[in-house]
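Student: everything below, folded, please.
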Amino acid sequence: MLDRAAKTFFQLLARSGTLKKLASRYGLQRPESFARRFVAGEGVQEAIDAARALEAGRLRLTLDLLGESVTNLEEAEAATRQYLAVVDAVVQSGIERNLSLKLTQLGIDVDKASAVDNLRKILERADPAEFFVRIDMESSRYTDVTLEIFETLWGHGHRRIGVVLQSALYRSEADMARMNALGARVRLVKGAYKEPKAIAYQNKADVDAAFERMMKTLLTSGHSPAIATHDPTMIDTARRWVDETHVARDTFEFQMLYGIRRDLQSMLVNEGYRVRVYVPFGREWFPYFMRRLGERPANVSFVIRGILGE
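Tutor: Down below sits the predicted model:
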């Protein structure tokens, strides 16, 4: 079971301004940097270079410009401009046209209408170039508004978009049925946020059981679903289910994070499965990196040595 204390500890560190400044000064400066295992770089060209390396290994990709929880409309507009620049850079580069983004990047905490307008600006640039855009799911306080905005955009004809559901939340199986009825593409995750008992499973076994139920439904009844996990048990369960139910391997994909279980990614590709890798990049990489450490506390000594330059 995930070490909750370690996870909470690293979530607190992720909000430390002092650590962020220190890490930003040293973390991505060297090619062998400790953070580059999980973060492609600070600029879009570094992300494109990482994407090309993945494509050479027959892996699919989605670019993830790091950043969340902006506090004013100016920051939200700046993030929107960054995404428009990313769209242009990807088109020029020739790599796969696939993006993920967060509504808190676009100002949902400041003004809902402005956030929706910012998302529309991105889609209006991305749609003609045949991008797929995944709207990531954040903590449970954003579930309703994320699904509402997704359905509104879907109803306005934006069909190259997808959403994320978290098996940790009790509501997610009903939300999955709702998305399947729309014909929407769902990315299934377990959920990385600490949620109260009233709305979410607290035990790993319960989260896993919900993930397995949802995964099986998506594989047989979903629309190009994405099974996002590094859990070998869940991946083996998916592989057996696909064989038992004769689901074609090109009708779904496994998704994993950049730098995590690269061996497993390659193995699945060699077996004929589709595998997509989330490629995070950007100057706001430190909070993301600390959350990844919270999921793998064994890397702590490795990181400390990296920070100290040893």
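Student: mean confidence for the strand or helix carrying residue 147?
Tutor: Using DSSP states H and E, residue 147 falls within helix 143-155. Averaged over helix 143-155, pLDDT sits at 97.
Student: run the chain-centre distance for it.
Tutor: Its chain's C-alpha centre and that of helix 143-155 lie 18 Å apart, by CA atoms, centre = their mean, to the nearest Å.
Student: outside of it itself, list whatever touches it.
Tutor: For helix 143-155, the external contacting residues (CB atoms under 8 Å, 6 or more residues apart in numbering) are 103, 108, 112, 115-116, 119-120, 123, 135, 137-138, 161, 163, 169, 171, 175, 178-179, 182, 184. Every C-beta, even on glycine, is put in place using the N, C-alpha and C of the backbone.
Student: how about that helix as PDB, C-alpha atoms only?
Tutor: The C-alpha coordinates for helix 143-155 follow below in PDB (Å, rounded to 0.1, in the frame of the first residue of the first chain):
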ATOM      1  CA  THR A 143     -15.000  17.000 -10.900                       C
ATOM      2  CA  ASP A 144     -18.400  18.500 -11.500                       C
ATOM      3  CA  VAL A 145     -17.200  21.600 -13.300                       C
ATOM      4  CA  THR A 146     -14.700  19.700 -15.400                       C
ATOM      5  CA  LEU A 147     -17.300  17.300 -16.700                       C
ATOM      6  CA  GLU A 148     -19.800  20.100 -17.200                       C
ATOM      7  CA  ILE A 149     -17.300  22.100 -19.300                       C
ATOM      8  CA  PHE A 150     -16.300  18.900 -21.200                       C
ATOM      9  CA  GLU A 151     -20.000  18.100 -22.000                       C
ATOM     10  CA  THR A 152     -20.600  21.700 -23.100                       C
ATOM     11  CA  LEU A 153     -17.700  21.700 -25.500                       C
ATOM     12  CA  TRP A 154     -18.700  18.200 -26.800                       C
ATOM     13  CA  GLY A 155     -22.100  19.500 -27.500                       C
END
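Student: and the next element down the chain from it?
Tutor: strand 161-166.
Student: tell me the strands beside that next one, with direction?
Tutor: strand 132-135 (parallel), strand 185-189 (parallel) (DSSP bridges).
Student: beyond the helix ranked longest in the chain, next helix or strand please.
Tutor: In the chain, with assignment by DSSP state H, the single longest helix is helix 73-93. Note on helix 73-93: by DSSP H and E, the next helix or strand toward the C-terminus is strand 98-101.
Student: neighbouring contacts of that following strand?
Tutor: Residues from elsewhere that reach strand 98-101, judged by CB under 8 Å, 6+ apart: 60-65, 83, 86-87, 90, 119, 122, 126, 131-136, 276, 278.
Student: what's the helix or strand for the spatially closest residue to residue 84 that is not a sequence neighbour?
Tutor: Excluding the flanking residues, the one nearest residue 84 by CB to CB, 6 or more residues apart in numbering is residue 125, at 5.3 Å. Secondary-structure assignment from DSSP H and E places residue 125 in helix 112-126.
Student: chain center to that helix, what's the gap?
Tutor: 19 Å.
Student: circling back to that earlier point, can I get the buried part of the contacts of strand 98-101 as one PyMOL selection?
Tutor: Remark: buried members of the contacts of strand 98-101, expressed as a PyMOL selection using 16 or more other CB atoms under 10 Å:
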select buried, resi 60+61+62+63+64+65+83+86+87+90+119+122+126+131+132+133+134+135+136+276+278
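Student: need the strands paired with strand 161-166 in JSON lines with mean pLDDT and distance to residue 37, can you?
Tutor: What follows is the strands paired with strand 161-166, written out as JSON lines (pLDDT from 0 to 100; distance: least, CB to CB, whole Å):
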{"stretch": "strand 132-135", "mean pLDDT": "98", "distance to residue 37": "23"}
{"stretch": "strand 185-189", "mean pLDDT": "98", "distance to residue 37": "21"}
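Student: mind putting those into a markdown table with distance to residue 98?
Tutor: Below are these laid out as a markdown table (distance: least, CB to CB, whole Å):
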| stretch | distance to residue 98 |
| --- | --- |
| strand 132-135 | 5 |
| strand 185-189 | 11 |
